[in-house]
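*Asks:* Got a predicted structure plus its sequence, pasted below:
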Amino acid sequence: MKLFGFLFSVSWAQIAAAVLMGLIGGGANAYLVTQINAAVAPPGVGADPSWQRFVATVAVVIATGLASQILLIRLAQDAIYRLRAKLSAGVVSAPLEHLERLGTHRLLATLTEDVRSLSMAVSAIPSMCVDIATIVGCLVYLAVLSAPLFAIQVGATLIAIGVVESFLTHVRGIFRGAREREDDLLGSFHSVSVGIKELKGHRARRRDFMDRRLLGAAADLRDRNVEAGVKFSIGQNIGQVLQLGTMALILFGVAVWMDLPAETMVGYVIVTTFLAMPMQNFMSRIPDLLRGDVALAKITTLELSMEALHDEEALPYTERPLATSARLELAGLGYTYLTEPGVPGPPPGPGGEHRRPPDGGGRDGRPRPDVDWGTSGRAETVPDGRLPARPGRRGGPAGPPPGRQGPPPPDGRGPGAPGGPPPAGFHLGPVDAVFEPGRITFIVGGNGSGKSTLAKLLTGLYVPQQGTITLNGERIDHGNIEWFRQNTSAIFTDFHLFDEYLGFDDPDLDDRANRYLDMLAIGDKARVLDGRLSTTALSQGQRKRLALVTAMLEDRPIYLFDEWAADQEPRFRDRFYREILGDLAARGKTVVVITHDDRYFDVADTLIRLDVGVQQSTASPHATPGEHRR
Ligand SMILES: Nc1ncnc2c1ncn2[C@@H]1O[C@H](COP(=O)(O)OP(=O)(O)OP(=O)(O)O)[C@@H](O)[C@H]1O
């Protein structure tokens, strides 16, 4: 079971100490049986009973049992803590596109359900260890008592284990299937929470959703868990029948046939009676272990699929000041989504591994991303080995045909060919552009033309697959992308508002934030005290103003707004385009604005127009950039 490997990886020394304690406890338990046997045996047979020895043995049993449990409880909790830390770090450091493809519900299912199942399994292990030690101790005593009885008992136990194990194989498979349905169920819960208005307002939709999606998944989950429970109980009962059958065989057959002495039989009965409780405890914990094992496999899958792309936590970051002003240059910049949106990537594991680039793996031999960061003239990418470098695309005018799918897979199979990889998704680029300090650039184009994708590239959230980005002449690559990201304050359409100003080390933070709140005419709705916003429960337009306050406080050289003004009232929208953007530019900021608002195109020094991923034009609507604002 992977579960034990996982625990060993946390601390083998603690495990060894706990097992040692458990073994001593189990031995003491078995010795206790001999004491009981001595007390009930006829006088003169076996060792003399002694209540002092009995009490001392009980003390050893309790002390070692307690020590073993405490050690294992600590170990279990430590393991769970480390798992949570590792998983959260994994999520934070996974590439954005990968997280987008996984979907919130899958992440949540693992962060909550899998960790909970695992913690139950790990918490079951301490008492199971003590049970095993007791069982082993009792069997050893039985061996001393009578070798034939021991042999028969062990043989019968092994057969019972074999029978139970064959049932467990089924049960494990059912748990695995049930776990997949949990993803669906959490996806439905997610839809309920975000789509409650749409469900409330449409009776037929709500019924359909409840019956087919939410309750469908919940009922399927129930049925699978019942099936697993029933199968396990049948296996457990067959095991018990075998044990009781063995007892009958020994009591009514072997004992008579071998003419075993009464004291041996009394000892046997005491041992088997004593064994019953740890055996039952042990068996009843097995489903928890199985669920934990399935959860661990799921967690490992998630981690692997994250690490298969690349581990952003491994990106080097050296403390260095941000650029005071930023000149961004894009040359032949390109990016292709691995799949269409909503199509999950291939699962890791047999048949679904991310294919490796031909030049090998990454750290620890894991498949490695994507980008040849900079030995060649351009950052050329082979994501998952699926997208080949594309001659004619690298910075040249030969762009992809409109309506783009990604390039064909390298194995020559057509996109979506049976058994082949899923077809690659939308392609952006090549994009060539310069963003100057003190200048405002608008990125415009129809829905789905790639504006937000370009914004994610500009902010370092996506790693370019073709072409280069340079900041003040410094090419952005693996060594400095983490630093590069710190140079931009961005507000995306799906921004998140933290109710606390995290990562600010500024004693005047409250005053500065409140000044900006007043300036953006939102000060009567929200205030900042001790670095915390009084509320975030505001309208979308108001929340966007709060996000703008955060961006102002960050005071970075590049500002990027993705349709920020779309939710603003006309007066404030005007103020945003004509005043706020101008002020930022006047302070030497490099300002990038994604917009559909053609009434304000005159505000821009440069317009970049995209059409289905292809750069149509980069134009300056003014003879002298910045002139119109002076
Ligand atoms: N995470 C993703 N995975 C796969 N494809 C994606 C993903 N995000 C966007 N796309 C695809 O990329 C294309 C461009 O999307 P993008 O969000 O960049 O467009 P946009 O120009 O910002 O559109 P809009 O004006 O509607 O916001 C879309 O066709 C979309 O299908």
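*Replies:* Great, that's in hand.

*Asks:* Report the mean confidence score over the helix or strand hosting residue 9.
*Replies:* For residue 9, the host element (DSSP states H and E) is helix 2-10. Mean per-residue pLDDT for helix 2-10: 73.

*Asks:* Packing partners of it?
*Replies:* helix 51-93, helix 115-145, helix 262-309 (3 or more C-beta pairs under 8 Å, 6 or more residues apart in numbering; DSSP states H and E). Any C-beta I mention is one placed from the backbone N, CA and C, and that applies to glycine too.

*Asks:* Can you lay out the ones you listed as CSV showing mean pLDDT?
*Replies:* Listed next are those as CSV, based on pLDDT from 0 to 100:
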stretch, mean pLDDT
helix 51-93, 81
helix 115-145, 80
helix 262-309, 78
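
*Asks:* So which of those helices is nearest the ligand?
*Replies:* Smallest distance to the ligand across those (C-beta to the nearest ligand atom): 13.3 Å, for helix 262-309.

*Asks:* Up against the ligand, what does this protein have?
*Replies:* Contact residues, the chain versus the ligand (C-beta under 6 Å from any ligand atom): 97, 100, 337, 340-341, 425-426, 445, 447-453.

*Asks:* Go ahead and build a ChimeraX selection from the buried members of those.
*Replies:* Buried residues within the residues of the chain next to the ligand, by 16 or more other C-beta atoms under 10 Å, are selected in ChimeraX with:
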select :97,337,425,426,445,449,450,451,452,453
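
*Asks:* Where does the prediction get shaky in the stretch 151-300 of the chain?
*Replies:* For the stretch 151-300 of the chain, no stretch is flagged by pLDDT under 70.

*Asks:* how many neighbours does residue 198 have?
*Replies:* Other residues near residue 198 number 12, with proximity taken as other C-beta atoms under 10 Å.

*Asks:* repeat for residue 558
*Replies:* Using other C-beta under 10 Å as the criterion, the residues surrounding residue 558 number 25.

*Asks:* For it, list the residues it contacts.
*Replies:* Listed by C-beta atoms under 8 Å, 6 or more residues apart in numbering, the contact partners of residue 558 are 326, 328, 435, 458, 459, 487, 488, 489, 589, 590, 591, 592.

*Asks:* make it 7 Å
*Replies:* 326, 328, 487, 488, 589, 590 (C-beta atoms under 7 Å, 6 or more residues apart in numbering).

*Asks:* Ok, residue 235 next?
*Replies:* 163, 164, 167, 168.

*Asks:* What about the residues you listed, which are in helices?
*Replies:* 163, 164, 167, 168 (DSSP state H).

*Asks:* Please parse this structure into its domains.
*Replies:* Per automatic domain parsing, the domain ranges recorded for the chain read 8-173+234-307, 328-412+422-497+536-629.

*Asks:* Would you convert these into CSV that also reports distance to residue 191?
*Replies:* CSV is the format used below for the domains of the chain (distance: least, C-beta to C-beta, whole Å):
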stretch, distance to residue 191
domain 8-173+234-307, 8
domain 328-412+422-497+536-629, 13
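
*Asks:* from the chain's centre, how far out does stretch 190-207 sit?
*Replies:* Computed by C-alpha atoms, centre = their mean, to the nearest Å, the chain-centroid distance of stretch 190-207 equals 27 Å.

*Asks:* I figured residue 609 hits residue 446, correct?
*Replies:* No: contact criterion C-beta atoms under 7 Å: residue 609 and residue 446 do not qualify, at 9.7 Å.

*Asks:* And residue 187, which helix or strand is it part of?
*Replies:* Assigned by DSSP H and E, residue 187 belongs to helix 147-194.

*Asks:* what is the orientation angle of that helix with helix 262-309?
*Replies:* 40 degrees (axes from the mean of the first three to the mean of the last three C-alpha atoms, to 10 degrees).

*Asks:* Start at 242, not 1
*Replies:* Done: numbering now begins at 242, and the last item shifts to helix 388-435.

*Asks:* what angle do helix 388-435 and helix 356-386 make?
*Replies:* Here helix 388-435 points in a direction 170 degrees away from that of helix 356-386 (the same axes, to 10 degrees).

*Asks:* Compare the contacts of residue 799 and tell me which has the most neighbours.
*Replies:* For those, the largest number of neighbours (other C-beta under 10 Å) sits with residue 831, at 27 neighbours.

*Asks:* where's that one relative to the ligand, distance?
*Replies:* Applying C-beta to the nearest ligand atom, to the nearest Å, the value for residue 831 to the ligand is 20 Å.

*Asks:* circling back to that earlier point, the helix holding residue 428: how far from the chain's middle?
*Replies:* With C-alpha atoms, centre = their mean, you get 24 Å for helix 388-435.

*Asks:* One more: stretch 521-530?
*Replies:* Centroid separation for stretch 521-530 versus its chain: 27 Å, with C-alpha atoms, centre = their mean.

*Asks:* Now do residue 419 against the ligand, distance only.
*Replies:* Distance from residue 419 to the ligand, by C-beta to the nearest ligand atom: 29 Å.

*Asks:* Looks like that residue contacts residue 466 (just checking).
*Replies:* Yes: judged on C-beta under 7 Å, residue 419 makes contact with residue 466 at a distance of 5.9 Å.

*Asks:* tell me the contacts of the nearest residue to residue 814 once chain neighbours are set aside?
*Replies:* Using C-beta to C-beta, 6 or more residues apart in numbering and skipping the chain neighbours, the partner closest in space to residue 814 is residue 806 (4.5 Å). Taking C-beta under 7 Å, 6+ apart, we find residue 806 in contact with 814, 817, 818, 836, 838.

*Asks:* Mind putting these into CSV with distance to residue 528, pLDDT and neighbour count?
*Replies:* Putting the contacts of residue 806 into CSV (distance: C-beta to C-beta, whole Å; pLDDT from 0 to 100; neighbours: other C-beta atoms under 10 Å) gives the following:
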residue, distance to residue 528, pLDDT, neighbour count
814, 59, 92, 18
817, 58, 93, 23
818, 62, 94, 24
836, 56, 93, 22
838, 59, 89, 16
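
*Asks:* okay if I get the residues you listed as TSV plus secondary structure?
*Replies:* Shown next, in TSV, are these (DSSP: H, G, I helix; E, B strand; the rest coil):
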residue	secondary structure
814	helix
817	helix
818	helix
836	coil
838	coil
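
*Asks:* Among those, which one lies nearest to residue 825?
*Replies:* Ranked by distance to residue 825 (C-beta to C-beta), the contacts of residue 806 are led by residue 817 at 10.4 Å.

*Asks:* And the closest one, how far from the ligand?
*Replies:* Counting by C-beta to the nearest ligand atom, the gap from residue 817 to the ligand is 18 Å.

*Asks:* Distance check, the residue lying closest to that residue once chain neighbours are set aside against residue 822.
*Replies:* Leaving aside its sequence neighbours, residue 817 sits nearest to residue 806 (C-beta to C-beta, 6+ apart; 4.8 Å). Residue 806 sits 9 Å away from residue 822, going by C-beta to C-beta, to the nearest Å.
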